[in-house]
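Engineer: I need the structure of the sequence given here:
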Amino acid sequence: MDPYKGTPLERHDFSFDLPSGYPEASVARPHDGEPPSEFAELRNKCPVATAKLFDDSDIWLITKHEDLKKVLTDNRLSKVRTHPGFPELAPGAKAAIQGREATFVDMDPPQHTKLRSMFAPWFTQEHSEKLRPSIRQKVDELIDGLESSGSKLVDLQENFSLPFAFKVIFDLLGIPFKDYKMLSNNIAVRASASGTARQAAAAQEELTRYMHDLVAQKERNPQDDVLSGVVKKYLRSGDITRDQLVAHAFLLLVAGNATVAGMINLGVVTLLQHPDQLEALKADPGLWPGAVHELCRYHTASSFALRRVALEDVKVGDRTIQAGEGLIALNQSANRDEDVFPDPDRFDIRRSPNPHIAYGYGAHECVAMALALVELEEALAGLFRRLPGLQLGVAPGELDWSKPTGDVGLVKLLVTW
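Structural biologist: Residues are numbered from 1 along each chain as shown. Predicted coordinates:
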C-alpha cells in the first residue's frame with residue numbers, strides 16, 4: 001500500500017539493463033498474463049542480480065523465495081523512501097515525496113510499528129470476517145445493477161470490479177458513495193501517465209483537501225469507522241497528528257482499490273481459462289479460499305512494490321549489497337520459484353501448501369491482506385454464482401492487457417452472460 005504510486009496498470013514504465021550474459025532489454029511480460037521469462041533465468045543462473053533502472057542507477061534484483069523472506073525481515077534494509085539510494089521507478093518520484101507527510105508504509109520500526117498498530121485492528125482476519133456479510137451484499141447489489149442494465153455486454157472493470165473495491169473502503173473510512181465519481185476520477189488522473197503534471201497536481205490537491213475535510217468531520221461527529229476510531233483513541237491523545245491522520249486517510253483511500261479490482265478481473269479470466277477448476281468451485285464453494293490464494297500467487301498483481309535500501313552492508317546469498325544500494329524483492333518471481341512451488345507455472349486451486357508472497361512478508365506485509373482476500377472470495381464467488389453463464393465478451397486475443405513492462409492486469413474487461 002503506497003499512496004505515492006500510480007495505478008498498477010501504469011506506474012512501471014521502465015526497463016532493466018541486466019548484466020552481460022543474462023537476458024537483455026526490458027523486463028516485460030512476453031504475452032498477456034505471463035510473468036517475464038527473465039525471472040526464471042535469473043532464479044536459475046543469478047538469483048541475486050545487478051541491473052539498472054530507467055535513470056541508469058544501479059539496483060539489485062532478488063528473485064528467489066527464500067532470499068525474499070530474508071531481505072523483507074532484515075531491519076538493515078530500510079523502507080524509508082527519502083534515504084539516499086532508495087530505488088524509485090519513474091522520473092520525478094523522489095521529488096514528489098519531498099515535503100509530504102510520510103505514512104507507515106514508508107517507515108521503519110519503531111515509527112512503523114507505532115502508526116501501523118493504530119489502523120491494523122480494522123483489517124485483521126477477525127474484523128474482515130465480520131465485514132463479510134456487508135461485502136457480500138455489495139457484490140449482490142452491483143450484480144443486480146448489471147442484470148437490470150439491459151446490456152449483455154459490459155466492462156466488468158468499470159461496472160463491477162472498481163466500484164466494488166471502492167464501496168468496501170468507503171464504508172471503512174465513512175465516505176459517502178455519492179462522492180465515488182469525483183474521488184475515483186481524481187485518483188485516476190493523479191495516477192495516469194497520460195495526463196499532464198498540472199492535472200495530476202490539481203487532482204492531488206483536491207483529494208488532499210477532501211481528506212482534510214473528512215478528518216475534520218470525524219473530529220466533530222465521530223462514527224463507527226476507521227478514521228473516527230483513530231480520532232477518538234489516538235488523535236485526541238496526541239499520539240498521532242492531524243496531518244499524519246490525513247496522510248493515512250489518503251493512503252487507505254487510494255492504495256489498494258485498483259489492485260483488488262485488477263485481481264477480480266484476472267480471476268474471472270483465469271477461471272474461464274480453466275473450466276474444470278471453475279466447475280469444481282461451483283460444486284464446492286469451500287474451495288474458494290484456496291483458489292483466491294492461488295490466483296494471488298499465479299498473478300501477483302503488485303510485483304515491483306517491495307523495495308528497500310541498505311543502511312549497512314548486507315550479504316544476500318553469495319552477493320553483498322553495500323550500504324546505500326537499493327533492491328527490489330521481486331515477489332512475482334518468488335511466487336514462481338521451482339524450489340517452493342512444484343510445477344509453478346500451472347494454475348491449481350488445490351495447491352497446498354501455498355506460501356506465496358503476493359502481499360509482501362514480515363512486518364510490512366500488506367495490512368489489508370485479510371480484507372482483500374475476503375473481498376476476492378466474495379466478488380468471484382458471487383459473480384459465478386449469480387451469473388452462471390458469465391463469459392468473455394471478446395476473443396481471448398482481443399483482451400486489453402496492461403503494459404507488458406508494468407504490473408499484470410486488464411485495462412478493461414468486456415464480459416457477457
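
Engineer: which residues touch Ser333?
Structural biologist: Ser333 makes contacts with 35, 39-40, 42-43, 63-64, as judged by C-beta atoms under 8 Å, 6 or more residues apart in numbering. Placement of C-beta: from N, CA and C, glycine included.

Engineer: An error on my part: the question was meant for Asp155.
Structural biologist: 412-414.

Engineer: ChimeraX command to pick out the buried ones of the residues you listed?
Structural biologist: Buried subset of the contacts of Asp155, written as a ChimeraX selection, criterion 16 or more other C-beta atoms under 10 Å:
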select :413,414
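
Engineer: Which members of the contacts of Ser333 occur in helices, if any?
Structural biologist: 39-40, 42-43 (DSSP state H).

Engineer: For those residues, pick the one with the most neighbours.
Structural biologist: Leu42 (26 neighbours; other C-beta atoms under 10 Å).

Engineer: Could you verify my assumption that that residue touches Leu61?
Structural biologist: Yes. Proximity of Leu42 to Leu61 meets the contact threshold set by C-beta atoms under 8 Å, at 6.6 Å.

Engineer: All the strands of this structure, residue numbers only.
Structural biologist: 48-52, 58-62, 77-78, 154-155, 307-310, 314-316, 319-321, 326-329, 391-392, 400-401, 410-412, 414-416 (DSSP state E).

Engineer: Those strands: which one's closest to Ala28?
Structural biologist: strand 400-401 (11.4 Å; C-beta to C-beta).

Engineer: Including mean pLDDT and distance to Glu206, could the strands of the chain go into a markdown table?
Structural biologist: Output for the strands of the chain, formatted as a markdown table (pLDDT from 0 to 100; distance: least, C-beta to C-beta, whole Å):
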| stretch | mean pLDDT | distance to Glu206 |
| --- | --- | --- |
| strand 48-52 | 91 | 36 |
| strand 58-62 | 94 | 34 |
| strand 77-78 | 98 | 32 |
| strand 154-155 | 96 | 25 |
| strand 307-310 | 98 | 28 |
| strand 314-316 | 98 | 41 |
| strand 319-321 | 97 | 40 |
| strand 326-329 | 97 | 32 |
| strand 391-392 | 97 | 36 |
| strand 400-401 | 93 | 28 |
| strand 410-412 | 94 | 24 |
| strand 414-416 | 97 | 31 |
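
Engineer: got those strands as JSON lines, with distance to Ile143 columns?
Structural biologist: Formatted as JSON lines, these follow (distance: least, C-beta to C-beta, whole Å):
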{"stretch": "strand 48-52", "distance to Ile143": "44"}
{"stretch": "strand 58-62", "distance to Ile143": "41"}
{"stretch": "strand 77-78", "distance to Ile143": "44"}
{"stretch": "strand 154-155", "distance to Ile143": "11"}
{"stretch": "strand 307-310", "distance to Ile143": "38"}
{"stretch": "strand 314-316", "distance to Ile143": "47"}
{"stretch": "strand 319-321", "distance to Ile143": "48"}
{"stretch": "strand 326-329", "distance to Ile143": "37"}
{"stretch": "strand 391-392", "distance to Ile143": "15"}
{"stretch": "strand 400-401", "distance to Ile143": "22"}
{"stretch": "strand 410-412", "distance to Ile143": "18"}
{"stretch": "strand 414-416", "distance to Ile143": "12"}
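
Engineer: between those strands, which gets nearest to Gln217?
Structural biologist: strand 154-155 (33.1 Å).

Engineer: which residues touch the nearest residue to His293 once chain neighbours are set aside?
Structural biologist: Nearest non-adjacent residue to His293, counting by C-beta to C-beta, 6 or more residues apart in numbering: Asn354, 5.1 Å away. Residues in contact with Asn354 (C-beta under 8 Å, 6+ apart) are 290, 293-294, 297, 341.
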